[in-house]
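[1] Structure for the following, please:
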Amino acid sequence: MLAKGVFIVMEGPDKSGKSTQAGLLARALRGRGMGVVHTREPGGTSLAEAVRRILLDPRHQVEPLAELLLYEAARAQHTKETILPALRSGRMVVCERYTLASLAYQGFARGLPLDVVRTLNRIASYGLKPRLTLVFDIPESEFGCRDRSRRLDRIEREGARFRRKVRQAYRRLSATEPRTRLLNGRLPVEELHRLVLKTVMKTTIIPPRLLSSPAGGGK
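    Residues are numbered from 1 along each chain as shown. You can find the predicted model right below:
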């Protein structure tokens, strides 16, 4: 499973800014002439997006193991159909969430055995590992202050205790998982974007000349 491209993942608790930063990074890299696929989990294919709708629908009550298996099924389809072909063609893949999310949410926060989550992660990802994972850290108190007009999905409707577990999990995983960096998600958007570019430049094989160019604007 050799890959020519670079796989970068954005992680963090809900409303941590990962989607905004993933979009800014993808835009900046495209502005430098690089082929980029910006995708997300669960999602990224028609099947995985359908699974996403089920998983995030507040009308459903989902058992933790069923939740994990649904996420892994979506991941297997997404990895095989979208991520691997893009990497093999030499493109950059910027993905919102990947296997670290399952460890944080279904492992630490839901309480499923971590060895089970890791095994299913490895199977569903076909052994693929990101070149770099960026985790945006925000305190639980930030959740209610951000994007208040947005309708909350099933996971976002979990209580503060659950969100604190997720944050603690991401902080712990950032210190133990390889090629993972913890960034301050409370920084202003453009300042955080510059930090993301700097971190990507230091930790991937992207030619520095491409990353030192003007960022090409932002959201």
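[2] Can you measure across stretch 110-128, start residue to end residue?
    24 Å (CA to CA, to the nearest Å).
[3] For that stretch, list every residue counted as buried.
    Residues 110, 112, 117, 120, 121, 124, 125, 128 are the ones in stretch 110-128 that count as buried (16 or more other CB atoms under 10 Å). (C-beta placed from N, C-alpha, C; glycine too.)
[4] Those into TSV, with extra columns for distance to residue 21, pLDDT and secondary structure?
    Converted to TSV, the buried residues of stretch 110-128 look like this (distance: CB to CB, whole Å; pLDDT from 0 to 100; DSSP: H, G, I helix; E, B strand; the rest coil):
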residue	distance to residue 21	pLDDT	secondary structure
110	26	98	coil
112	28	98	coil
117	25	98	helix
120	27	98	helix
121	23	98	helix
124	24	98	helix
125	22	98	coil
128	21	97	coil
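[5] which is the next helix or strand following the helix or strand containing residue 10?
    Per DSSP states H and E: residue 10 is located in strand 6-11. Per DSSP H and E, strand 6-11 leads on to helix 18-31 as the next helix or strand towards the C-terminus.
[6] Show me which positions of that following helix end up buried.
    18, 19, 20, 21, 22, 23, 24, 25, 26, 27, 28, 29.
[7] between that helix and strand 6-11, how big is the angle?
    Relative orientation of helix 18-31 and strand 6-11, computed by axes from the mean of the first three to the mean of the last three CA atoms, to 10 degrees: 160 degrees.
[8] Give me the residues contacting the helix or strand just after helix 18-31.
    Per DSSP H and E, the first helix or strand lying C-terminal to helix 18-31 is strand 36-40. Defining contact as CB atoms under 8 Å, 6 or more residues apart in numbering, one finds that strand 36-40 is touched by 19, 22-23, 26, 29-30, 78, 82-83, 86, 91-97.
[9] Measure how far strand 36-40 is from the centre of its chain, please.
    Offset of strand 36-40 from its chain centre (CA atoms, centre = their mean, to the nearest Å): 11 Å.
[10] Could I get the CA-only coordinates of it as CSV?
    Written as CSV, here are the backbone C-alpha positions of strand 36-40 (Å, rounded to 0.1, in the frame of the first residue of the first chain):
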residue,chain,number,x,y,z
VAL,A,36,-5.4,18.6,-3.0
VAL,A,37,-8.4,16.4,-1.9
HIS,A,38,-10.3,18.0,1.1
THR,A,39,-12.5,15.3,2.7
ARG,A,40,-14.0,14.4,6.0
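[11] what mean pLDDT does it have?
    Over the span of strand 36-40, the pLDDT mean works out to 98.
[12] Give the buried residues for it.
    Applying 16+ other CB under 10 Å to strand 36-40 flags 36, 37, 38, 39, 40 as buried.
[13] Over to stretch 182-199?
    In terms of neighbour count (16+ other CB under 10 Å), stretch 182-199 has its buried residues at 182, 183, 185, 192, 193, 194, 195, 196, 197.
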